[in-house]
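K.L.:
for reference, the sequence and a predicted model appear below.
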Amino acid sequence: MVKESKEHEGLLNRVSGIFGVVKYFPDDLSDEEVQGFLHVLPKDIANTLTAMLAPPRVRKASIAWLKSLQEWFDGALEAKREGKKIILAPFNFPPEFIRCFKNAYPLTSEVLSTAGVVTLEGQGERYWDYAMGLGVPDYLCSSNTIELGSMLTLADLEPDAIISAAPGSCDANAKMHELAARTLGIPQLLLEKPVDDSAKGRKAYASNIKALARELEEFLDEELDEEWMRAVLERANRATELYFDLFDLRKIRPSPCPNLFPMYAYGTRFSLWGTDTAVEFMELLVDTVKKRLEEGQYPAEEEIARLFWTYTYYYWDWQGFFNDMEEKGITILGDLLGSSIALPVDTTSKESMIAGLAETCSQYGMTRQMGAPSMSAQWIDDITNWTTELDADACVYCGHHSCKQTWSVFSITRGEIMKRRKIPTLMLQGDSWIRRMLPMSAIDEQIDEFVKTVVRKRSTPARMVG
């Protein structure tokens with residue numbers, strides 16, 4: 001009984017309990033209903049839901065996304081009760097791989113951390129502080145330390161195994177997952193990407209994926225079923241096609257795609273890929289953006305700047321970050337995490353599907369760039385490609401404090417992007433998941449000054465007609 005009551009103090013149970021109210025929402029809400037609902041909420045979650053629900057342009061998609069995530073949370077709790085194995089994985093491992101097993105359920109540590117940051121009073125800082133109290137150094141990444149800190153309190157739903165897919169691309173991530181596995185006494189299944197993109201290196205990585213599949217089969221006492229696997233990956237493929245459709249719509253100037261939508265898309269990609277829910281949600285995003293394009297909808301008088309984020313966003317103030325910028329005419333085109341995505345998987349055979357999953361893993365953000373033979377070269381090539389396709393006016397680097405590897409090549413990357421694309425990059429600091437490092441007011445001030453003094457002098461964006 002004591003353990004059960006303690007478990008309700010964990011991040012997953014607390015977030016799931018708060019999200020539980022969402023299932024009672026209609027698919028859309030009136031302005032009056034939104035204001036009444038926001039009025040009774042604690043400040044931190046009210047700030048987030050104001051960003052998601054107050055603007056009518058994003059309201060329907062936001063409600064659908066909240067319901068999708070609630071389904072994911074409920075699914076984890078139900079799977080645990082049914083005796084299925086909960087497999088915790090980092091953001092750079094495809095959840096559809098785990099869904100290929102009938103007896104497993106995927107949870108993604110960074111999505112859970114983000115859910116805690118935007119939902120809970122104190123924005124998940126109690127779990128970060130607990131991890132620091134254990135002696136975890138503060139240069140390990142807050143993106144996973146917040147959720148893993150909750151698990152280390154032994155007051156959260158515990159996974160049955162952890163997949164570590166970050167060695168070779170993000171050592172801070174890998175070490176935090178290793179600490180959690182050792183502390184909880186659960187297996188850690190490793191997937192290492194060789195720092196070699198030649199035919200030999202890709203073959204070695206495919207072998208690592210096959211070995212991981214065998215380890216999962218043994219751990220779950222379940223052999224991969226080809227038909228089940230094909231059904232999962234066909235759903236994932238359809239969602240991927242829609243993801244590319246959304247990317248194409250983001251190329252249009254002025255952008256008909258709300259700033260929140262690319263993040264919604266990759267939040268879904270990191271949690272629900274391989275489900276009908278992911279397909280339905282991606283269809284809603286694409287249909288919503290197409291409708292906005294047809295109707296000429298844009299929330300500001302003009303689009304004054306199109307910014308591409310060369311690394312990650314800031315996730316702890318969605319109103320100040322996503323919506324306020326959009327309403328000033330600043331479009332957030334996307335970031336590295338939401339732009340690295342593999343092509344659909346060949347579902348001809350079990351072997352082709354495993355090979356396709358290996359390719360999917362290799363193309364994830366950070367794995368593709370920070371796990372490349374040359375981090376700066378791959379990062380520069382990708383940013384050049386994305387900013388060209390999306391017609392970016394400038395770049396912004398968030399300077400997440402844990403990512404020392406990106407800091408080490410930032411100046412090279414910024415200089416080369418300026419040479420190749422003739423667009424500037426604003427360097428910011430601060431933590432992507434913890435508000436203590438730098439307030440949103442300071443971030444907004446720096447971006448506004450950058451747009452006013454640098455970006456607007458270089459280009460004159462067209463206005464939306466209609």
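P.N.:
Received, thanks. Numbering: from 1, shown residues only.

K.L.:
next one: L140 from R182, what distance?
P.N.:
14 Å (C-beta to C-beta, to the nearest Å). Heads up, the C-betas are built off the backbone N, CA and C, glycines and all.

K.L.:
which of the two has more neighbours?
P.N.:
L140 (20 against 11; other C-beta atoms under 10 Å).

K.L.:
what's the pLDDT at the more buried one?
P.N.:
We note a pLDDT of 84 for L140 in this prediction.

K.L.:
okay, now the sheet partners of the host helix or strand of C395, with direction.
P.N.:
Here C395, judged by DSSP states H and E, is contained in strand 394-397. Here strand 394-397 is paired, per DSSP bridges, with strand 305-309 (parallel), strand 425-427 (parallel).

K.L.:
please identify the most buried of these.
P.N.:
Highest mean neighbour count among those (mean count of other C-beta atoms under 10 Å): strand 305-309, with a mean of 25.

K.L.:
pLDDT of that one, averaged?
P.N.:
97.

K.L.:
hang on, the earlier thing: run the chain-centre distance for whatever helix or strand comes next after the strand holding C395.
P.N.:
Downstream of strand 394-397, the next assigned helix or strand under DSSP H and E is helix 404-421. Distance of helix 404-421 from its chain centroid, counting by C-alpha atoms, centre = their mean, to the nearest Å, is 23 Å.

K.L.:
buried residues in helix 404-421?
P.N.:
Across helix 404-421, burial judged by 16 or more other C-beta atoms under 10 Å covers Q405, T406, W407, V409, F410, T413, R414, E416, I417, R421.

K.L.:
nearest to G116 among these?
P.N.:
If you rank the buried residues of helix 404-421 by distance to G116 using C-beta to C-beta, T406 comes first, at 24.0 Å.

K.L.:
hmm, G365 and that closest one touching each other?
P.N.:
No. Assessed by C-beta atoms under 8 Å, T406 is found out of contact with G365, at 11.5 Å.

K.L.:
still on that earlier bit, which outside residues touch the strand holding C395?
P.N.:
305-311, 383, 387, 406, 410, 414, 417, 423-428, 447, 450-451, 454-455, 458 (C-beta atoms under 8 Å, 6 or more residues apart in numbering).

K.L.:
partners of the helix or strand hosting L107 in the sheet?
P.N.:
L107 belongs to strand 104-108 when assigned by DSSP H and E. Here strand 104-108 has these sheet partners by DSSP bridges: strand 85-89 (parallel).

K.L.:
mean confidence for the strand it pairs with?
P.N.:
pLDDT averaged over strand 85-89 gives 97.

K.L.:
packing partners for whichever helix or strand comes after that strand?
P.N.:
Using DSSP H and E, the next helix or strand after strand 85-89 towards the C-terminus is helix 95-99. If you count contacts as 3 or more C-beta pairs under 8 Å, 6 or more residues apart in numbering; DSSP states H and E, helix 95-99 packs onto strand 85-89, strand 104-108, helix 226-249, helix 350-362.

K.L.:
closest one to A51 among those?
P.N.:
With C-beta to C-beta as the measure, helix 226-249 is the member of the helices and strands packed on helix 95-99 nearest A51 (19.4 Å).

K.L.:
can you name the next helix or strand after the closest one?
P.N.:
Using DSSP H and E, the next helix or strand after helix 226-249 towards the C-terminus is helix 260-269.

K.L.:
packing partners of the helix or strand following that next one?
P.N.:
Scanning forward in sequence from helix 260-269 by DSSP H and E, the next helix or strand is helix 276-295. Judged by 3+ C-beta pairs under 8 Å, 6+ apart, the packing partners of helix 276-295 are helix 56-81, helix 226-249, helix 260-269.

K.L.:
now helix 276-295: buried residues?
P.N.:
T277, A278, V279, F281, M282, L284, L285, V286, T288, V289, R292, L293.

K.L.:
nearest to V34 among those?
P.N.:
Nearest to V34 out of the buried residues of helix 276-295 is T288 (C-beta to C-beta; 17.5 Å).

K.L.:
correct me if wrong: the closest one contacts K60.
P.N.:
Yes. Using C-beta under 8 Å, T288 is in contact with K60, at 7.0 Å.
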